[in-house]
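Asks: pasted the sequence and its predicted model underneath.
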Amino acid sequence: MRPTRWQKPRWQKPTNLYVALGAFAFAAAVVAAATFFTTVGHGTTRMAVPAPHPPVVTTPALVPAGDSAEMPSPAGMAAWLAPVAADPNLGKLGARVTDASTGKELWQVAPDMPLVPASTNKLLTAAAALLTLDPQTRVATRVVAGSENPQGPVVLVGGGDPTLSAAPPGVATWYKGAARISDLVEQIHRSGVTPTAVQVDVSAFTGPTMAPGWDDSDIWGGDIAPIEAAMIDAGRSQPTTEQSRRSTTPALDAGRELAKALGLDPGAVTIAPAPTGARQLAVVESAPLIQRLSQMLNPSDNVMAECIAREVAAAINRPRSFAGAVDAVTNRLNAAHADTSGSVLVDSSGLSVDDRLTATTLSGVIQAVAGPDQPALRSLLDLLPIAAGSGTLADRFEPKGNAKASDQGPAGWLRAKTGSLTHTNSLVGVLTDRSGRVLTFALLSNDAGPAGQTAMDALATRLWACGCR
């Protein structure tokens, strides 16, 4: 079972009870409308034609969702959504919609049925991180002396930052603000130690490196790598490519890159714990947590999610393992009155086909994010993909070129975390409906048909267009 491939994030902005007008999405749609493709035999010919309609002109802005918009009625919404929710392509549907300001439930379908959530599981990880850690928290990667001798081995001590990069200074990597091996090397040279070998300490993380329900082929497909405390570019073999093939030995790779940069034999790198009380020779730090959460949510980064969940585990004295991270995440959410009953989780990214969440749980988390009672979670809204604008929603909900500006659908008005595995589609987020009311929603579809994602988007679009007062 394989995840859907994503595009890189391209645009983002607003915050709670404010929604961007989505000028980016509209402009992109106009450009797309100016070119079409015709298929001849097995080939595809690109043909440029004049745009049939003048460009839609919009002014980027944050538009307050006023308090005067009337709340939809539950009965009206049920009748309004029923025809689209009955699409057999949705398979097993679990859904819940609430009013963001009041938390009132407006619509639900089997909200307590445990379903595979796919990557919407990352919402739980992100929320727990913001409830537990300072948004400016950084993760350190250290190098310590492997002996008291000024000539001897050095130990790369992984702290759980998967974004450490071997790229030269000034060369872009997939992760903005990533720490560099070159900075560690510079500090080692200044320390007075002459390294003779490199070891890697991965003891910060415990337990298996692959979760139950993960497919080894997803390593080669670029969706995951074994989760180890030391990694290079999250295991990517091509550090600037999102779907690059991943390594099966990310910790050894990190040590080998350090060895090469020090002029040592990379083939001699070993995994070994650092001596107790070893002298620190060098240290680098990751980007702040809030930036890493954005890098996790927008392109739906599985490795980042697993490592951030282990930060939560460490903060509340849980093992930094798959089980310890899940325990820590659900513990923090329960303490914040987000109901996780009925949850069965084996990872923190949602890649596992063994994960189960309910629409009630996911709805409770997004309601806490958008509602008034958990201000620590408010910034999470700024990190979610925007319909037809950014991240995993960049190419979804795109408005039609001939539609009026007032009828462009939810493009720019919906922000949500996506989830996609084979026969599984999920969408959890917040939108401002056409009447100006802010709603939160959790939509999960398992055993979906071939048009499952299209049916899911149609349901969300219907919710945005709700004429159910």
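Replies: That came through, no problem.
Asks: going by C-alpha atoms from here, please, whenever you check contacts or count neighbours.
Replies: Fine.
Asks: now residue 154: phi and psi?
Replies: For residue 154, the backbone dihedrals (degrees, to the nearest 10) come out as phi -120, psi 150.
Asks: show the contacting residues for it.
Replies: Counting by C-alpha atoms under 8 Å, 6 or more residues apart in numbering, residue 154 touches 143-147, 195-199.
Asks: same thing with residue 165?
Replies: 173, 178-181, 232-233, 239.
Asks: which of these fall in helices?
Replies: Taking DSSP state H as the definition of helices, these contribute residue 181.
Asks: can you flag which of the contacts of residue 165 belong to strands?
Replies: Using DSSP state E, no member of the contacts of residue 165 sits in strands.
Asks: residue 248 is in contact with residue 221, correct?
Replies: No. Residue 221 is beyond contact range of residue 248, at 12.0 Å (criterion: C-alpha atoms under 8 Å).
Asks: related to what we said a few turns ago, PyMOL command for the buried members of the contacts of residue 154?
Replies: Per 16 or more other C-alpha atoms under 10 Å, the buried members of the contacts of residue 154 correspond to this PyMOL selection:
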select buried, resi 143+144+145+146+195+196+197+198+199
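Asks: wait, which of the contacts of residue 154 is closest to residue 340?
Replies: residue 143 (39.4 Å; C-alpha to C-alpha).
Asks: centre-most residue in the chain?
Replies: By C-alpha atoms, centre = their mean, the chain has its centre lying nearest to residue 297, at 2.3 Å.
Asks: residue 417 pairs with what?
Replies: Assessed by DSSP bridges, residue 417 has beta-bridge partners residue 428.
Asks: residues contacting residue 293?
Replies: 126, 383 are the contacts of residue 293 under C-alpha under 8 Å, 6+ apart.
Asks: tell me if it really is in a helix.
Replies: Yes. With DSSP: H, G, I helix; E, B strand; the rest coil as the criterion, residue 293 is part of a helix.
Asks: roughly how far apart are it and residue 375?
Replies: Residue 293 sits 17 Å away from residue 375, going by C-alpha to C-alpha, to the nearest Å.
Asks: residue 101 now?
Replies: 13 Å.
Asks: ok, the two, which is more surrounded?
Replies: Neighbour tally, residue 101 and residue 375, criterion other C-alpha atoms under 10 Å: the higher count belongs to residue 101, 18 against 13.
Asks: wouldn't that one be in contact with residue 371 here?
Replies: Yes. Between residue 101 and residue 371 there is a contact at 5.7 Å, judged by C-alpha under 8 Å.
Asks: helices of the stretch 101-250 of the chain, start to end?
Replies: 121-132, 181-191, 217-221, 250-261 (DSSP state H, counting those that start in this stretch).
Asks: need the contact partners of the first one.
Replies: Applying C-alpha under 8 Å, 6+ apart, the external contacts of helix 121-132 come out as 293, 297, 300, 305, 308-309, 311-312, 315, 329-330, 332-333, 348-350, 357, 362, 365-366, 369, 376-377, 380, 417.
Asks: in it, what counts as buried?
Replies: 121-132.
Asks: swap in the third one?
Replies: Of the residues in helix 217-221, those buried under the neighbour-count criterion (16+ other C-alpha under 10 Å) are 218-221.
Asks: just to revisit the earlier point, could you check how far the residue nearest to the centre of the chain is from residue 349?
Replies: If you go by C-alpha to C-alpha, the gap between residue 297 and residue 349 works out to 10 Å.
Asks: can you check residue 387 too?
Replies: 21 Å.
Asks: so the two - more neighbours on which side?
Replies: residue 349 (31 against 27).
Asks: where does the stretch 51-200 of the chain have low pLDDT?
Replies: 51-67 (pLDDT under 70).
Asks: again, only using 80
Replies: Within the stretch 51-200 of the chain, the segments meeting pLDDT under 80 span 51-68.
Asks: next one: the stretch 301-450 of the chain
Replies: 400-408.
Asks: tell me where it has helices.
Replies: 302-315, 322-335, 359-370.
Asks: can you spell out the domain ranges of this protein, please?
Replies: 62-134+334-464, 140-287 (automatic domain parsing).
Asks: out of the ones you listed, nearest to residue 320?
Replies: domain 140-287 (5.0 Å).
Asks: how far away from the center of its chain is the closest one?
Replies: 23 Å (C-alpha atoms, centre = their mean, to the nearest Å).
Asks: just to revisit the earlier point, among the buried residues of helix 121-132, which one lies nearest to residue 413?
Replies: So of the buried residues of helix 121-132, ranked by how close each gets to residue 413 (C-alpha to C-alpha), first place is residue 123, at 19.1 Å.
Asks: I'd like the distance between the closest one and residue 417.
Replies: 7 Å.
Asks: residues shared between the contacts of these two?
Replies: Counting by C-alpha under 8 Å, 6+ apart, the residues touching both residue 123 and residue 417 are residue 297.
Asks: spit out the contact partners of residue 331.
Replies: Residue 331 touches nothing, counting by C-alpha under 8 Å, 6+ apart.
Asks: now neighbour count and distance to residue 110 too, for the contacts of residue 165, in JSON lines please.
Replies: Output for these, formatted as JSON lines (neighbours: other C-alpha atoms under 10 Å; distance: C-alpha to C-alpha, whole Å):
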{"residue": "173", "neighbour count": "20", "distance to residue 110": "43"}
{"residue": "178", "neighbour count": "23", "distance to residue 110": "42"}
{"residue": "179", "neighbour count": "27", "distance to residue 110": "45"}
{"residue": "180", "neighbour count": "22", "distance to residue 110": "48"}
{"residue": "181", "neighbour count": "25", "distance to residue 110": "50"}
{"residue": "232", "neighbour count": "27", "distance to residue 110": "42"}
{"residue": "233", "neighbour count": "27", "distance to residue 110": "40"}
{"residue": "239", "neighbour count": "22", "distance to residue 110": "42"}
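Asks: compute the number of surrounding residues for residue 102.
Replies: 12.
Asks: and it, what does it touch?
Replies: residue 371.
Asks: redo that, cut-off 10 Å
Replies: 71, 367, 371-372, 439 (C-alpha atoms under 10 Å, 6 or more residues apart in numbering).
Asks: could you check how far residue 269 is from residue 457?
Replies: To residue 457, residue 269 is 49 Å away according to C-alpha to C-alpha.
Asks: repeat for residue 348
Replies: From residue 348 to residue 457 the distance is 25 Å (C-alpha to C-alpha).
Asks: count of residues packed around residue 108?
Replies: Residue 108 has 21 nearby residues by other C-alpha under 10 Å.
Asks: hmm, I typed the wrong one, I wanted residue 250.
Replies: Residue 250 is flanked by 24 other residues according to other C-alpha under 10 Å.
Asks: my read: it touches residue 271, true?
Replies: No. Using C-alpha atoms under 10 Å, residue 250 is not in contact with residue 271; the gap is 11.4 Å.
Asks: and stretch 258-266, end to end?
Replies: Start and end residues of stretch 258-266 are separated by 8 Å (C-alpha to C-alpha).
Asks: what comes up buried for it?
Replies: Using 16+ other C-alpha under 10 Å as the test for burial, stretch 258-266 gives 258-259, 261-262, 264-266.
Asks: now do stretch 154-173
Replies: So for stretch 154-173, counting by 16+ other C-alpha under 10 Å, buried means 154-167, 173.
Asks: of those residues, closest to residue 339?
Replies: For the buried residues of stretch 154-173, the minimum distance to residue 339 (C-alpha to C-alpha) is 28.5 Å, reached by residue 160.
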